[in-house]
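[1] Dropping the sequence and predicted coords here.
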Amino acid sequence: MRVTSDLWVSALLRRVQSAGGFGAVLRRGAAEAGAIFIVRRSRMGAMTLYGPAPQVAYEEEGKPQDRRFSEMLGTADEEAVRARLDKETRFDPDLWVVEIETGRPEDEDLFPVRTP
């Protein structure tokens, strides 16, 4: 059984904070199954946007049990990230946006990143 978006976001924020980082929910979406987008901000201000991984990134047959993400925008400025999120919001108004800052080069232990 897949956990709800609300619970998954809460767990992500707890993992980020326990690793010494900061995180906040910028947009609260549907509690049960809203798509989750993660904005990773570096300490120097550069931003990376992660979104739900496409279905081809899942190896299992049938319904996936965990959430996976793929990089949508790498090292982008705030305007580019905001424009992409606005576009995604027009398509799906029930999405979540979470911003994190960890101070670490890699965050794959916080959320699974897959390349299609």
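    Yep, it's here.
[2] What is the helix or strand bottoming out on mean pLDDT in the chain packed up against?
    The helix or strand of the chain with the lowest confidence, counting by mean pLDDT, DSSP states H and E, is strand 69-76 at a mean of 86. If contacts are counted by 3 or more Cβ pairs under 8 Å, 6 or more residues apart in numbering; DSSP states H and E, strand 69-76 sits against strand 36-41, strand 47-52, helix 78-91. Where C-beta positions appear, they are placed from N, C-alpha and C, glycine not excepted.
[3] again, only this time at 7 Å
    Where contact means 3 or more Cβ pairs under 7 Å, 6 or more residues apart in numbering; DSSP states H and E, strand 69-76 is packed against strand 47-52, helix 78-91.
[4] mind checking how far it is from the chain centre?
    10 Å (Cα atoms, centre = their mean, to the nearest Å).
[5] tilt between that strand and strand 47-52?
    Using axes from the mean of the first three to the mean of the last three Cα atoms, to 10 degrees, the direction of strand 69-76 lies 160 degrees away from that of strand 47-52.
[6] List the buried residues for strand 69-76?
    Phe69, Glu71, Met72, Leu73, Ala76 (16 or more other Cβ atoms under 10 Å).
[7] so which of those residues would you say is closest to Arg82?
    Nearest to Arg82, judged by Cβ to Cβ, of the buried residues of strand 69-76 is Ala76 at 9.7 Å.
[8] show me the contacts for the residue sitting nearest the centre point of the chain.
    The residue lying closest to the centre of the chain (Cα atoms, centre = their mean) is Ile38, at 2.6 Å. Ile38 makes contact with Tyr50, Phe69, Val98, Ile100, Phe111 under the criterion Cβ atoms under 7 Å, 6 or more residues apart in numbering.
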